[in-house]
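Undergrad: okay, here's the prediction I keep looking at, along with the sequence it came from:
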Amino acid sequence: SIDHFNQPEMVADFIFYSNTVLTVIFMAELMLKIYAYGPTYFFQNPMNTFDCFIIVPSLFELIFSQTITISSFRAFRLFQIFQLPRVRQFYSSFAKLLRLVGSTIFNVLPFALVLMGFTFMFTIVGLHLFGGKQTINQ
C-alpha cells in the first residue's frame, strides 16, 4: 500500500480523494450497467456479479471511513486486476498483440543478455580507468 508511517498530509489527501473519485466512477459504471442490462440479465454474467462484489464494499468503506476504519475492504479492490483476462477475451487483436510481444521477448533475450554483459564490462573498465581521478572544484 502507499500508506506509510509519518507520511505527508498531501499524500494522505491525494490517496483519500483519488479513492473517492475512483469509487464514484466505478459505482456510476455499475449503476449504468444495471440500468442498461436490467437486473436480471446483469447478474447472469459472472463478471458483472464480480464487479458488484468488488464495488459495493468499496462504497461501504467510503461511507463509513469517517466513523470507523475498514481498511480491509481495500484488499477487495485488488481483485479488479483479475478482470484483465476479460479484456483479452473480448478483443482478439489484443490477444494477438500479447502473443507477439511474448514471442518477441524470448527472441530478444539473448541479445539483451549480451548487451548487459558489455555494459557491465565497460562499467568496470571505466571505474578502473577513471575512478577517483575526478575532482570537484568549489
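TA: All right, it came through fine.

Undergrad: contacts, neighbours, all on C-alpha from now
TA: Will do.

Undergrad: kindly list the longest helix within this protein.
TA: The residue-count maximum for a helix in the chain (DSSP state H) belongs to helix 92-130.

Undergrad: who are the packing partners of that helix?
TA: Using 3 or more Cα pairs under 8 Å, 6 or more residues apart in numbering; DSSP states H and E as the contact test, the elements touching helix 92-130 are helix 84-90.

Undergrad: could you check how far Ser103 is from Val114?
TA: Note on Ser103: its distance to Val114, by Cα to Cα, to the nearest Å, is 19 Å.

Undergrad: and Gly132, what element?
TA: Assigned by DSSP states H and E, Gly132 belongs to neither a helix nor a strand.

Undergrad: by mean pLDDT, flag the weakest helix or strand of this structure.
TA: Each helix and strand of the chain was given a mean pLDDT (mean pLDDT, DSSP states H and E); the minimum falls on helix 84-90 at a mean of 57.

Undergrad: what's around Ile55, how many residues?
TA: Ile55: 22 surrounding residues under other Cα atoms under 10 Å.

Undergrad: what does the model give it for pLDDT?
TA: Per-residue pLDDT puts Ile55 at 84.
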